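*Asks:* what follows is a predicted protein model with its sequence.
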Amino acid sequence: MDVELLLRVYPFFLEAALVTVQLSVLSIALGLVCGALGASARLSQLRILRFVGAAYVSVIRGTPALIQLFILYFGGPQIGIQLDAFTAGVIGLGVNIGAYMTETIRGAIIAVDRGQTEAARTLGMSRGQAMRNVILPQALRLMIRPLGVNINAQIKGTALVAAISVVELTYTAQRYIASTYKPFEMFLLAGMIYLVIISATGAAIAWLDRRVAIR
Amino acid sequence: MSTTESEMAGNGPMIDVKNAAKRYGTVEVLRGINLQVRKGEIVAVIGPSGSGKSTFLRAINNLDPLSSGEVWLEDVQVNKPLTSYQYERHINRVRQDIGMVFQHFNLFPHLSVRQNITLAPRMLKRLSKQEADGLAEQQLRRVGLIDRIDFMPSQLSGGQKQRVAIARALAMQPKVMLFDEATSALDPELVEEVNFVMRQLAESHMTMIIVTHEMGFAQDVCDRVLFMDGGMVVEEGSPDVIFRNPSQERTRSFLRKHLKGRN
Amino acid sequence: MGLDFGVVPGYLGALSVGAGWTVVITVLAGAFSIVAGVLFAVGGLYGHPLIRYPVKAFVWLFRGTPLLLQLFLIYFGLVEIGIDLNAFVAGVIGLGLHFAAYNADIIQAGIVAVDRGQTEAGRTLGLSRYQTVSRIVVPQAVRDVVPALGNNMIALLKDSALVSVIGVAELTLSAQLAISKTFRPFEFYFAAAVFYYVINLCLEAALSRIERRMEAAR
Ligand SMILES: Nc1ncnc2c1ncn2[C@@H]1O[C@H](COP(=O)(O)OP(=O)(O)OP(=O)(O)O)[C@@H](O)[C@H]1O
Ligand SMILES: [Mg+2]
């Protein structure tokens, strides 16, 4: 274990980790928006929206995130979409995780829906009122844990943008592996940073989950 | 006093439990139990819930090791103090001679009836497939389930499952059979088919220790009855004595509760 | 520049060969990940401490870090310790180990959920610890977690695209080769996406057949 080397390079890894965190935060935020929209579409009264929602989920979940990212970043200019690598990364990753979050959110709503809607409707609430006042507050609690699984996956998923040369943690590790020939050290250094980010996020989600748990 | 081991094997008891004690932390579950079972003898163990019957039975094949005391199967000490490697080999050998039947059957759900029975003989006794199949058929005939040989456990009723579990234990040709409330998980109408198999086994002079809540069955089938309470043997004797004329008040009050409702 | 899908048919042969390799990689890495997953699960639960703790550390590390990072480690790391594997082998091992860590977690949960009575019944018959685990507990655990393992295999198929980054010739790389000649990234990545989508559908169909058959065998 070349400790001296680790001490010399770790500031660059920390800098890169900041990019990984930014990518994570932004893509997860976008993913939540896509997920909320996707779930609304899939649960909509309108057939066309239901179809669009289902197609979104099926296409995104049926193909590799890397290919989606490449289509956006390399293929985008052909159809007039010119993005820098970081922005393409955020949008590509966000739209991708959004499809998984769509299913998470939909699952939570369906789990609550049975029985509860009927109960709310018998009280005279409209479908929209029942959704807002009865279903969603309960579903939000139910979806925290499974969304946490999506978020955990997405933090690791941000490494994909190394393939379009965004200077984040994995890209940095790769560059240092190539220049120092110390793959184990570089892997451990980057790996530990990922684990710290993931553990901290996991702890935050567990805290949130306890806070809102139905007792 | 100085009997040799080989002499013991000839005349000594099949099972000899000496001063069995068991603690969980500070709770004493067994407090010094002695029991000798002769070859071919059938012993019932009765007593209130939590009195330590299962713990005692499971100590005999060392599934729940004793805190102190000794268990002997003929001239072999079951709970011999050994290094863990030697103990593994020793106990796996000894357990082949001690069949056990559980309250919840514990059939292997991923294996057919045939495979449930042949697994251990094939792995441990190195029987060929034909030999093991023959053995399975023989044991299944004995419990009246030869037509279910290729069923999966999930396709059997509770009573049938328990009969297969008995056949599985018998296929190892054990010297002793232990039963821990073999019928208490069964619907009442299924109890008799299992009792019938156990009666047959008794008639074939199998050595058996039977933990049961069925006083009638214990009275009919067993040579001797142990009444346990609070981790001790309170009273022991022939079924006639224990069920008709027990000397201890605790036995009487237990039997009053348990014989009530029986015709 | 606009789109012109007319260039794609000329490369369908090359893309199909790439797709074939993607299937091969998925099957090999998938099989490896399940076998290794079982071994890690058993080692992590029952192993001697000298096996147990390294296995736990490995599973923790490989579940908590990105696949791409692991691929770089294995591709360059093996060369570093004098094992010069080609990219294909490194890719299969990397994918396999990554998913083995996930499978191990699932299988461990399955093992823990197997009724204690099953172990007792095995031990009572005289089976050793090892025999009981391998013949009675693990088969039931694996059977119970087949749907979850299937989900991992679907994820593995899609993540196999990542091995193109270390230069493994599969579907994504064959699309990139076509792009390097035609300068038409949209068309060829789109075509690759269609291939992946179809393979994914086939895999899902195969998995649901397996699940139904196992359900019926109960
Ligand atoms: N693993 C354990 N840890 C602590 N206490 C235990 C454990 N197993 C059993 N006991 C205690 O030991 C006592 C005897 O239990 P045992 O199962 O032997 O009773 P039993 O006579 O078989 O009862 P039942 O008729 O309900 O089956 C009980 O008080 C029980 O709570
Ligand atoms: Mg009991």
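*Replies:* Nice, thanks for sending it over. Ligands and ions are numbered 1, 2, ... in the order given.

*Asks:* tally of neighbours for residue 25?
*Replies:* Here I'm looking at chain A. If you count neighbours by other C-beta atoms under 10 Å in any protein chain shown, residue A:25 ends up with 14. From N, CA and C alone the C-beta is placed, and that goes for glycine too.

*Asks:* not what I meant, chain C
*Replies:* Residue C:25 has 24 nearby residues by other C-beta under 10 Å.

*Asks:* so what's the residue nearest to residue B:97 when sequence neighbours are not counted up against?
*Replies:* Nearest non-adjacent residue to residue B:97, counting by C-beta to C-beta, 6 or more residues apart in numbering or on different chains: residue B:175, 4.6 Å away. Contact analysis of residue B:175 by C-beta atoms under 8 Å, 6 or more residues apart in numbering or on different chains lists B:14, B:73-74, B:97-98, B:207.

*Asks:* and which of those is nearest to ligand 1?
*Replies:* Distance to ligand 1 across the contacts of residue B:175 (C-beta to the nearest ligand atom) is lowest for residue B:98, with 17.6 Å.

*Asks:* for chain A, see how far away that closest one is.
*Replies:* 46 Å (C-beta to the nearest C-beta, to the nearest Å).

*Asks:* may I have the phi/psi pair for that residue?
*Replies:* phi -120, psi 110 (degrees, to the nearest 10).

*Asks:* for the lowest-mean-pLDDT helix or strand in chain A, which positions count as buried?
*Replies:* Lowest on mean pLDDT, DSSP states H and E among the helices and strands of chain A sits helix A:127-130, with a mean of 81. By 16 or more other C-beta atoms under 10 Å in any protein chain shown, the buried positions in helix A:127-130 come out as residue A:130.

*Asks:* other SSEs contacting the one helix or strand residue B:30 maps to?
*Replies:* Element membership of residue B:30, judged by DSSP states H and E, is strand B:27-37. Packing partners of strand B:27-37 (3 or more C-beta pairs under 8 Å, 6 or more residues apart in numbering or on different chains; DSSP states H and E): strand B:15-24, helix B:53-60, strand B:232-237.

*Asks:* which residues are in contact with it?
*Replies:* For strand B:27-37, contacts defined as C-beta under 8 Å, 6+ apart pick out B:13-23, B:43, B:52, B:55-56, B:59, B:66, B:69, B:176, B:207, B:209, B:226, B:228, B:230-233.

*Asks:* now that strand: how far from the chain's centre is it?
*Replies:* 16 Å (C-alpha atoms, centre = their mean, to the nearest Å).

*Asks:* buried residues, it. List them.
*Replies:* For strand B:27-37, by 16+ other C-beta under 10 Å, it's B:28-30, B:33, B:35, B:37.

*Asks:* same thing with stretch C:112-126?
*Replies:* Residues of stretch C:112-126 classed as buried: C:114, C:118-126 (neighbour count, 16+ other C-beta under 10 Å).

*Asks:* can you pull the residues of chain C lying near chain B?
*Replies:* Residues of chain C lying close to chain B by C-beta under 8 Å from any C-beta of the partner chain are C:115, C:117-118, C:120-129, C:131, C:135-136, C:139-140, C:143, C:217-218.

*Asks:* nearest to residue C:160, of the buried residues of strand B:27-37?
*Replies:* Nearest to residue C:160 among the buried residues of strand B:27-37: residue B:29, at 55.6 Å, using C-beta to C-beta.
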